[in-house]
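>>> I'd like to go over a predicted model; first the sequence, then the structure.
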Number of protein chains: 2
Amino acid sequence: MNPTAPTQPRLLRIQEVASELGLTTRTIRYYEELGLLKPVARSEGDYRLFDPDDLERLRFIKGLRDDAGFSLAEIGQLLDDETVRTRNRARFRATADPAERRAIVADAIGRVDRQVASLRRKVERLEKMIDEAGDRRRHLESHLADIEAGREPADHDHGGTP
Amino acid sequence: MNPTAPTQPRLLRIQEVASELGLTTRTIRYYEELGLLKPVARSEGDYRLFDPDDLERLRFIKGLRDDAGFSLAEIGQLLDDETVRTRNRARFRATADPAERRAIVADAIGRVDRQVASLRRKVERLEKMIDEAGDRRRHLESHLADIEAGREPADHDHGGTP
DNA sequence: TCTAACCTTTACGTAAACGGCAATCTTCGC
DNA sequence: GCGAAGATTGCCGTTTACGTAAAGGTTAGA
């Protein structure tokens, strides 16, 4: 029909995906086994074939694992939301009813919001830890100032009884 | 000598520590086994005895584990710094030489800074993920607006070729 | 068409982070 | 000074997140 319109961007096999993302093939298969991922297709001879959406999803998983430090179980929770979101795109295209379409997209937004909330909670806890370190730092610096000024320790409080 | 000055705040045994912090005794012993912790003393009959510093250290470990999602190995790295910091307090009290004291405190500040840097890197990665989620959210909302307005999908880009 | 490179499932192995016994002390209140 | 409650070390078991090897089928190029 139209030889210059590659609507199918080309599907990748597992090793190509793995080296592209810095994962091992075993890891990818394991994630599929856990239900975190389902490659879009299989070849004639049953080879797994991955499309760009699959790659995006794997990058998302890797980010949650490496950067956010989530367990694969927690990632599974977040991805249940993601999965529904992806499925919703199909459901979305399958209907023309504006009300239904609105509901699907609104639901998707809710899921993204929940993901963000989960990430934000983690950020908040980390920032609390940073603040505490800041307290320690200030404590040490005032100590340092005392020394530079030749002052006595003045027993910089350590959280003891008043 | 002075019956109203309890300089030793009272040492706790492992079960008291565990229920105070929401850990198990097994976990605390395991952390000691890994070298993340060394209880300040042992009783006559070899019971582990913990002081407030030990508790603070355990809370720190728990925070890094639960909140920050660090592995115990990573926590070990951060705690090496912490350990030196604690030892430096003793070294600090042991000397009166201002130059040496200055060096000890300056070193301690460097260690705190490294801890903070490690935490900040993690926060930055998480915030990048939050931003990406924000992008997805905006994408969905413009979609929603199209629907509300009765517009056509306009093929909201999905990262394909131009 | 043949073969080297790649893939499949199956299955056993492992490091990390504990859980949960057993067998044996310690502590402490009555 | 005794008995229940709690602690000790030692050791085996478990879950998570993969590594790795075996035995065989698939793909693609010369």
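The structure has been received and is ready for your questions.

>>> mind checking which helix or strand residue A:124 is in?
helix A:98-148 (DSSP states H and E).

>>> torsion angles phi and psi at residue A:12?
Per-residue torsions, residue A:12: phi -100, psi 150 (degrees, to the nearest 10).

>>> need the nearest residue in space to it, chain neighbours excluded.
residue A:50 (4.9 Å; C-beta to C-beta, 6 or more residues apart in numbering or on different chains). To be clear about C-beta, it is placed using only N, CA and C from the backbone, and glycine gets the same treatment.

>>> now residue A:18
residue A:25 is the one closest to residue A:18 (C-beta to C-beta, 6+ apart), at 5.0 Å.

>>> pretty sure the one you found contacts residue A:13?
No: using C-beta atoms under 8 Å as the test, residue A:25 is too far from residue A:13 to be in contact (9.4 Å).

>>> and the residue nearest the centre of chain A, what does it touch?
The centroid of chain A falls nearest to residue A:64 when counting by C-alpha atoms, centre = their mean (3.2 Å). Residues near residue A:64 by C-beta atoms under 8 Å, 6 or more residues apart in numbering or on different chains: A:70, A:74, A:75, A:78, B:129.

>>> ok, residue A:50 next?
A:11, A:12, A:13, A:14, A:17, A:39, A:40, A:58.

>>> so how far is DNA strand C from it?
Computed as C-beta to the nearest atom of the strand, to the nearest Å, the residue A:50 to DNA strand C distance reads 9 Å.

>>> helix, strand or coil for the residue in chain A that chain B sits nearest to?
At 2.5 Å from chain B, residue A:69 is the closest residue in chain A, using C-beta to the nearest C-beta. At residue A:69 the chain is in coil, as set by DSSP: H, G, I helix; E, B strand; the rest coil.

>>> list the contacts of residue A:120.
For residue A:120, the contact set (C-beta under 8 Å, 6+ apart) comprises residue B:130.

>>> could you measure from residue A:10 over to residue A:55?
Distance, residue A:10 to residue A:55, by C-beta to C-beta, to the nearest Å: 12 Å.

>>> please say which of the two ends up with more neighbours.
Neighbours were counted for residue A:10 and for residue A:55 using other C-beta atoms under 10 Å in any protein chain shown; residue A:55 has more, 15 against 9.

>>> shouldn't the more buried one be within a helix?
Yes: assessed by three-state DSSP, residue A:55 belongs to a helix.

>>> verify the stated contact: it with residue A:17.
Yes: between residue A:55 and residue A:17 a contact is recorded at 6.4 Å, counting by C-beta under 8 Å.
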